[in-house]
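Asks: Any chance you can model this:
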Amino acid sequence: MWLAINGKPMNIFAGHGDALTAGCFTPDGKTIVTASADASVRVWNPKTTECTALLQGPLFHQGSVTSIACHPTTTTLASGGEDGKIFLSNLGSGKIHASMTHRDTVESVAFAAGYARPRLRTS
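Replies: Residues are numbered from 1 along each chain as shown. Below you'll find the predicted structure:
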């Protein structure tokens, strides 16, 4: 993480086993979320550089996580990947709330403006 004003390094976050593919701050600015080609998403404390949550495993993406988006008012994270999967997960617990399958790589995910809470369907 660099200080934008002068480009000086502030912190280093180490933990992913492959290249980073996406990153963002949560809307409150208190947490950083990163996605990787190692099929994982990590949640970080930007002050301490501690990884506070790790999303990965057989029920999560099975290839590079290509995109992430934090919901503007909840702790919900959307992630998309090379495996064609989209997951809605809780940033604190890592629990998966919902998943969807696309027929090809998911290049981008986002939350639609104007929705106070994500609408989830269970099958």
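Asks: Quick check: end-to-end length of stretch 77-92?
Replies: Using Cα to Cα, to the nearest Å, one end of stretch 77-92 lies 10 Å from the other.
Asks: wait, what's in contact with Q56?
Replies: D38, A39, S40, V41 (Cβ atoms under 8 Å, 6 or more residues apart in numbering). Heads up, the C-betas are built off the backbone N, CA and C, glycines and all.
Asks: now stretch 41-58, how far from the centre of its chain.
Replies: 9 Å (Cα atoms, centre = their mean, to the nearest Å).
Asks: So which residues of this protein form strands?
Replies: Here the chain has its strands, by DSSP state E, at 20-25, 32-36, 41-44, 51-55, 65-70, 76-81, 85-90, 96-101.
Asks: Could you give me the buried positions within the third one?
Replies: Okay, so that is strand 41-44. Buried residues in strand 41-44, counting neighbours by 16 or more other Cβ atoms under 10 Å, are found at V41, R42, V43, W44.
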